[in-house]
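Novice: Provided below for reference: sequence and predicted model.
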Amino acid sequence: MGKSAAKGVLPTLIIPVESQVRELDAKLLLSCCAAERGYPVIIGSRAFVHFEVGGMPQGLYVAKSMRSMSSLMFSLIRKLGHEIIAWEEEALVHPPPEVFYSLRLSPQTMRHVSRLFAWGRDNEVLMQQYPELPDDLQIHVTGNPRGDMLRPELRPYFSDKVDSIRSQYGDFILINTNFTDVNPYLPTIGLFEPSDDLHKPPRMGQAGKGMPLEFATGLAAHKEAILADFLTMIPALEQAFPGMKIIVRPHPSENLKRYADLAAKHANVIVVQEGNVLPWLLASKALVHNGCTTAVEAYAMDVPAIAYLETLNEVYDYDFQGTPNHLSQQCFDLDALISALRDILAGKPLPAHDSQREELMGTHLQARKGALACERILDVLDTHYGEGRSLAVTSAVSHAQARALSWIKAMLTRLNMQRPGLNRAAYHDHRFPRISVQEVVDRTQRMGRILQRFDSIRVEQYSEHIFHIKA
């Protein structure tokens, strides 16, 4: 039977990580801040957290999305006695509201969430206007831990990696791609699943489930056109800037083959997908992208960013991906892109952050100054779960049923991960490579040295791919 938190004991934070390179550093910062306040933390691979959640101490599960595909898991988590708090990982750069709602939100999933933490005012308004928003779901504008990692005081966290990258590659232009919709690591996770039957309507893949068919079809065609532009642009940049490395960094969920085939023909084109993108940004001379969240990160870290908009569609490039494109210098053909890069490489001063871009950034990302977003989130948790306040108590029967179902679900998922060929196990290891306790310790200690805190934090192995962080 699930038990409520004992008086004076704070609930355990259960923090799943889906994409290690994108999420882990920020969630470790949240973990350390939480442990410092007395919250025990369990953090690790999302898939493996779900395998183990039936045996974890009652706590607060920190979700990163609220899509329909999570409805069953959320239901089990609640019946196990955990509460669910959440933020929407993709809310910083999102499609028009009517598309976002059908794609990213599910009324059945959201009814299991107790409170929501918004990246900024734009995110708050977006959620408040959702027609199916549960009446009792509380929204707190706190910023996001990933935003904390962009702040000047935390940039030294990446210094060693930046130095290592520069030592290995010298000066380089960073090309970030985000074409998972049409170039997915697994065929099933794109906008549409591949089919040999031309007479049947296309079947939605994981990225498209919930998206209106007309919008998804147009987006797929647009992404294919942009991908073609990039595959032409990359070798053109190598020719325009001899001696300069062109580093291509695909999205963590993309298939690398097209880029690897291209790089094999061009000595100064290099494909990398290792580690957090932030040190790569800081080590680069400039970022080239199209509608990529990385451009928001580049803006926050004062890295020159150029949006390459050779193929322009205002619905997708402005209504959907407008924030990163508007925060960047926009180039609409190859000559303009090369000219802009020449200016940057020649040391031409960048234009100051104008008031319009600053207002746009401020609307989308809270906690750029003052208290960290992590601290603001924990302040909310302290108010609602601190001082011995109890979590909900679930019945013994409901808890036992949920525990049994969670183990059955875990067993089936593990079996599915072992299918021959390019399977879910390979995809998991691609997104969450094995990491040791010592590597996690090194990261937390480096954060602590920079912020002059976390001396009391300890890291232990909880189980495979999962760690226990506590004071």
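Specialist: Great, that's in hand.

Novice: quick one: the strands in the stretch 151-300 of the chain, in order.
Specialist: 172-176, 192-193, 203-204, 245-249, 269-271, 286-289 (DSSP state E, counting those that start in this stretch).

Novice: who does the last one pair with, and is each partner parallel or antiparallel?
Specialist: As defined by DSSP bridges, the strand partners of strand 286-289 come to strand 172-176 (parallel), strand 305-308 (parallel).

Novice: before we move on, back to that, okay if I get the strands of the stretch 151-300 of the chain as a markdown table plus mean neighbour count and mean pLDDT?
Specialist: For the C-beta atoms, the positions are set from N, CA and C on the backbone; glycine is no exception. Converted to a markdown table, the strands of the stretch 151-300 of the chain look like this (neighbours: other CB atoms under 10 Å; pLDDT from 0 to 100):
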| stretch | mean neighbour count | mean pLDDT |
| --- | --- | --- |
| strand 172-176 | 25 | 98 |
| strand 192-193 | 18 | 93 |
| strand 203-204 | 14 | 91 |
| strand 245-249 | 23 | 98 |
| strand 269-271 | 19 | 98 |
| strand 286-289 | 25 | 98 |
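
Novice: dump those to JSON lines, plus distance to Ser456.
Specialist: Formatted as JSON lines, those follow (distance: least, CB to CB, whole Å):
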{"stretch": "strand 172-176", "distance to Ser456": "37"}
{"stretch": "strand 192-193", "distance to Ser456": "49"}
{"stretch": "strand 203-204", "distance to Ser456": "48"}
{"stretch": "strand 245-249", "distance to Ser456": "36"}
{"stretch": "strand 269-271", "distance to Ser456": "41"}
{"stretch": "strand 286-289", "distance to Ser456": "38"}
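
Novice: quick revisit: of the strands paired with strand 286-289, which approaches His289 most closely?
Specialist: Ranking those by proximity to His289 (CB to CB) places strand 172-176 first, at 4.6 Å.

Novice: any idea of the angle the closest one forms with strand 245-249?
Specialist: 20 degrees (axes from the mean of the first three to the mean of the last three CA atoms, to 10 degrees).

Novice: put the alpha carbons of strand 172-176 into PDB.
Specialist: What follows is strand 172-176, C-alpha atoms only, in PDB (Å, rounded to 0.1, in the frame of the first residue of the first chain):
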ATOM      1  CA  PHE A 172      34.200  25.800 -37.000                       C
ATOM      2  CA  ILE A 173      30.700  26.700 -38.100                       C
ATOM      3  CA  LEU A 174      28.000  24.700 -36.300                       C
ATOM      4  CA  ILE A 175      25.100  23.400 -38.400                       C
ATOM      5  CA  ASN A 176      22.200  22.200 -36.200                       C
END
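
Novice: how about residues contacting that strand?
Specialist: For strand 172-176, the external contacting residues (CB atoms under 8 Å, 6 or more residues apart in numbering) are 230, 233-234, 237, 241, 244-249, 251, 270, 277, 280-281, 283-289, 292, 294-295, 341.

Novice: try it again with 6 Å
Specialist: Contacts to strand 172-176, defined as CB atoms under 6 Å, 6 or more residues apart in numbering, come from residues 245-249, 280, 284-289, 292, 294.

Novice: count of residues packed around Ser164?
Specialist: For Ser164, the tally of surrounding residues (other CB atoms under 10 Å) stands at 13.
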